[in-house]
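Colleague: build me a model from this:
(one chain, ligands or ions: 2)
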Amino acid sequence: MYQIKTYNAIAPAGLNTFTADYALNQSEHPDAYLIRSVNLHDESLPTSLKVIVRAGAGVNNVPIKQATANGTAVFNTPGSNANAVKELIIGLLIMASRNLLAATTYSAQHAEADISQRTEHDKTQFNGIELTGKTLAVIGLGHVGSLVANAALNLGMNVIGYDPYLSADAAWNIAKQVQRAATLPDAVKNADFVTVHVPKNADTYHLIDEKALAAMPAGVQLFNYSRLGIVDNTAVISALTTKKVAHYYTDFGETQLAEHPAVTVTPHIGGSTIEAEINGATQAARTIMTYLETGNVHAAINLPDLNVPFNAAYRFTIIHQNVPNMVSQITAKLATANLNIATMANAAKNQTAYTIIDVDDLQQLSQTDLITELNKIPAVIRVRLLKQSVNL
Ligand SMILES: NC(=O)C1=CN([C@@H]2O[C@H](COP(=O)(O)OP(=O)(O)OC[C@H]3O[C@@H](n4cnc5c(N)ncnc54)[C@H](O)[C@@H]3O)[C@@H](O)[C@H]2O)C=CC1
Ligand SMILES: O=C(O)C(=O)COP(=O)(O)O
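Modeller: Ligands and ions are numbered 1, 2, ... in the order given. Reported below is the predicted structural model:
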């Protein structure tokens, strides 16, 4: 029985994806964590933990280095909540352009019976603009940014995208009418609206800082539905004071933003739709089952892709440091145990490498002894021995 520990609200429909071989929240020694936004940075990861899957996009809440050192694979569920964020951004753009917040607040404050008289007089103060023909800068054109860019085009907006690390796959999803800027200042210089959809990491900390704000036209409206820290909130408050920025919308509140009249804070609801939560949880459960049962890896954060059909009786999966001479040391151990290798694959990502070796017969050797032997190789981080579940 595989043991799963869940954190946060995980959609039951996703949890139901687990087969009868999986138990939820029943063990102190989990094989897998299925999480959303819980901050794992202050926790130590148990040695039993083979995989963490973040149902959603951002993995800044996961201690990736610590997980890798523990031999724990880390995945997210790319794109599972991108449509939810896109729809929210489009909603906010409409809210921003039509003064909806001020207009509905007015109506709530003037609920008296003869309001119809005043309405026709007062409504002029809520005159809006139309999105058609306005310019939107989209910073980060991944799963969320590409959907936002395409939807904004469909509303008749001019869309300028900026993403120096755009993957070839992501590029396929972006309509050709989205103009590509070579630099951040170029992207934002004519923008009526700027929306940021990048991961939080050392490079994106304060990506939108005083300098980036200075490059925007006066009166720009800014959206941060990525993470706290990607926008320098102190710089934004100053820019709001000088009216350089007309309004700031964000999913990530903090004290200095509270009650500022030109700031609208939503409580981290970008991915909070029934559909996105089901998508993320289902994708996460599948990722956990694939990794635990086959060791195959697709799009992990800290391991290379390695996908080998599991047709043999047994499989060794070995996470190790990306240093010379590892494969020969591993195969030497198997040769000493008189094991014949059916299939072998190896790949590396940054400092970490991953080897899969399939064998048809363990020669009645003790599984624990085999794992112990492989673990003796310096630079080996984690060894697993998987058994084919289907009778061959
Ligand atoms: N508010 C919410 O509830 C949600 C927030 N998010 C946040 O949005 C982020 C983006 O989500 P996805 O689009 O799904 O991720 P993604 O990984 O598909 O796309 C991120 C894009 O940002 C680009 N990028 C990275 N560094 C950049 C830089 N310095 N300048 C410009 N572009 C850069 C990457 O090349 C990539 O194309 C997540 O990492 C997460 O922090 C995502 C989903 C929900
Ligand atoms: O997917 C993301 O990066 C999000 O920010 C969504 O977070 P959540 O799963 O709603 O806590």
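Colleague: next, the most centrally placed residue in the chain: secondary structure please.
Modeller: In the chain, the residue lying closest to the centroid (C-alpha atoms, centre = their mean) is A57, at 1.5 Å. With DSSP: H, G, I helix; E, B strand; the rest coil as the basis, A57 sits in coil.
Colleague: do you know how far it is from ligand 1?
Modeller: Applying C-beta to the nearest ligand atom, to the nearest Å, the value for A57 to ligand 1 is 4 Å. Backbone N, C-alpha and C define where each C-beta goes, glycine included.
Colleague: quick check: bridge partners of the nearest residue to that residue once chain neighbours are set aside?
Modeller: Residue nearest to A57 in three dimensions, not counting chain neighbours: N76, with 5.8 Å by C-beta to C-beta, 6 or more residues apart in numbering. In this entry, N76 is beta-bridged to R54, by DSSP bridges.
Colleague: still on that earlier bit, who's in contact with the residue nearest to the centre of the chain?
Modeller: N76, T77, P78, G79, S80, N81, A82, H143, V144, P199, G271 (C-beta atoms under 8 Å, 6 or more residues apart in numbering).
Colleague: which of those are buried?
Modeller: Neighbour counting with 16 or more other C-beta atoms under 10 Å marks N76, T77, G79, S80, N81, A82, H143, V144, P199, G271 as buried within the contacts of A57.
Colleague: C-terminal to the least confident helix or strand in the chain by mean pLDDT, what's the next element?
Modeller: None of the helices or strands of the chain scores lower by mean pLDDT, DSSP states H and E than helix 115-122, at a mean of 83. Downstream of helix 115-122, the next assigned helix or strand under DSSP states H and E is strand 135-139.
Colleague: quick one, what contacts whichever residue of the chain sits closest to ligand 2?
Modeller: At 2.6 Å from ligand 2, G56 is the closest residue in the chain, using C-beta to the nearest ligand atom. Going by C-beta under 8 Å, 6+ apart, G56 touches R36, S37, N76, T77, S80, N81, G271, G280.
Colleague: ok, V53 next?
Modeller: V53 makes contact with A32, Y33, L34, I35, V74, F75, N76, T77, A284, T287, I288, according to C-beta under 8 Å, 6+ apart.
Colleague: do the same with N150
Modeller: Per C-beta under 8 Å, 6+ apart, neighbours of N150: N173, I174, A175, V178.
Colleague: what's the answer for A313, then?
Modeller: V359, D360, D361, L362, K387, Q388, L392.
Colleague: what sits closest to N99 if chain neighbours are left out?
Modeller: Closest to N99 by C-beta to C-beta, 6+ apart is F126, at 4.5 Å.
Colleague: am I right that that neighbour is in contact with L101?
Modeller: No. Using C-beta atoms under 8 Å, F126 makes no contact with L101, being 9.9 Å away.
Colleague: is it correct that I4 falls within a strand?
Modeller: Yes. Remark: I4 belongs to a strand, assigned using three-state DSSP.
Colleague: which residues touch it?
Modeller: I4 touches F18, Y22, A23, L24, N25, P30, D31, A32, Y33, L34, I288, counting by C-beta under 8 Å, 6+ apart.
Colleague: give me the nearest residue to G128, chain neighbours excluded.
Modeller: Closest to G128 by C-beta to C-beta, 6+ apart is R98, at 3.8 Å.
Colleague: over to L257?
Modeller: Per C-beta to C-beta, 6+ apart, closest to L257 is V263, 4.8 Å.
Colleague: who does the one you found bridge with?
Modeller: Y248.
Colleague: so what's the residue in the stretch 101-250 of the chain that ligand 1 sits nearest to up against?
Modeller: Across the stretch 101-250 of the chain, the shortest distance to ligand 1 (C-beta to the nearest ligand atom) belongs to G142, at 1.7 Å. By C-beta under 8 Å, 6+ apart, the residues touching G142 are D163, L166, S167, A170, H197, V198.
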